[in-house]
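here are the coordinates; sequence isn't available:
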């Protein structure tokens, strides 16, 4: 084996664990869950009631078995999955399009305890054929490892930034 090939093989042997470590990191796993949440919240165009209900239910699948959502400013608090799905469905039904963007975020990991805390500013762009709006909310999201995946344990609406 030539020196170049040996060097390439060694580099590959070093790179594979590094790439795997990055790919399977807790930060990245939470990021994939956030991507799933964005996909399930977003809406482009009209949808049937069945599709809307399925999407709302899919949002709740990202939550831990024992969770809490608090939004004092909106007079909403729940630990009930069906009530959360109705809340999501009601807001999805009120507009033709929803685009969710994370404007800023910080994430503190405590994987040794199976927990993480995220503070983020979320921007919801909503609208239809005649109007559109942008709303920003600052939230705290607590994550917990459950059934081998990071799940949302707690959401608290800290502040309505712009409505």
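Thanks, I have the structure now. These figures come from a predicted structure and were not determined experimentally.

how about residue 34, what does it touch?
Residues counted as contacts of residue 34 (CB atoms under 8 Å, 6 or more residues apart in numbering) are residue 102. To be clear about C-beta, it is placed using only N, CA and C from the backbone, and glycine gets the same treatment.

the chain should start at 254 in everything you say after this.
Will do, 254 is the new start, and the previous item becomes residue 287.

per-residue confidence for it?
Note for residue 287: predicted pLDDT of 94.

does it count as helix, strand or coil?
Assigned by DSSP: H, G, I helix; E, B strand; the rest coil, the conformation of residue 287 is helix.

and if you look at residue 356?
When classified by three-state DSSP, residue 356 comes out as strand.

swap in residue 280?
helix.

which ones are touching it?
360, 362.

report the separation between it and residue 291.
17 Å (CB to CB, to the nearest Å).

do the same with residue 313
According to CB to CB, residue 313 stands 15 Å off from residue 291.

ok, those two, which is more surrounded?
residue 313 (19 against 15; other CB atoms under 10 Å).

was I right to think the more buried one contacts residue 339?
No: here residue 313 does not reach residue 339: they are 10.0 Å apart, not a contact under CB atoms under 8 Å.

name the nearest residue to residue 404, sequence neighbours excluded.
Leaving aside its chain neighbours, residue 404 sits nearest to residue 317 (4.0 Å; criterion: CB to CB, 6 or more residues apart in numbering).

Three-state assignment for that neighbour, please.
What three-state DSSP gives for residue 317 is strand.

could I get the buried residue list for the helix or strand harbouring residue 393?
Using DSSP states H and E, residue 393 maps to strand 385-399. Buried residues in strand 385-399, counted by 16 or more other CB atoms under 10 Å: 389-392, 394-399.
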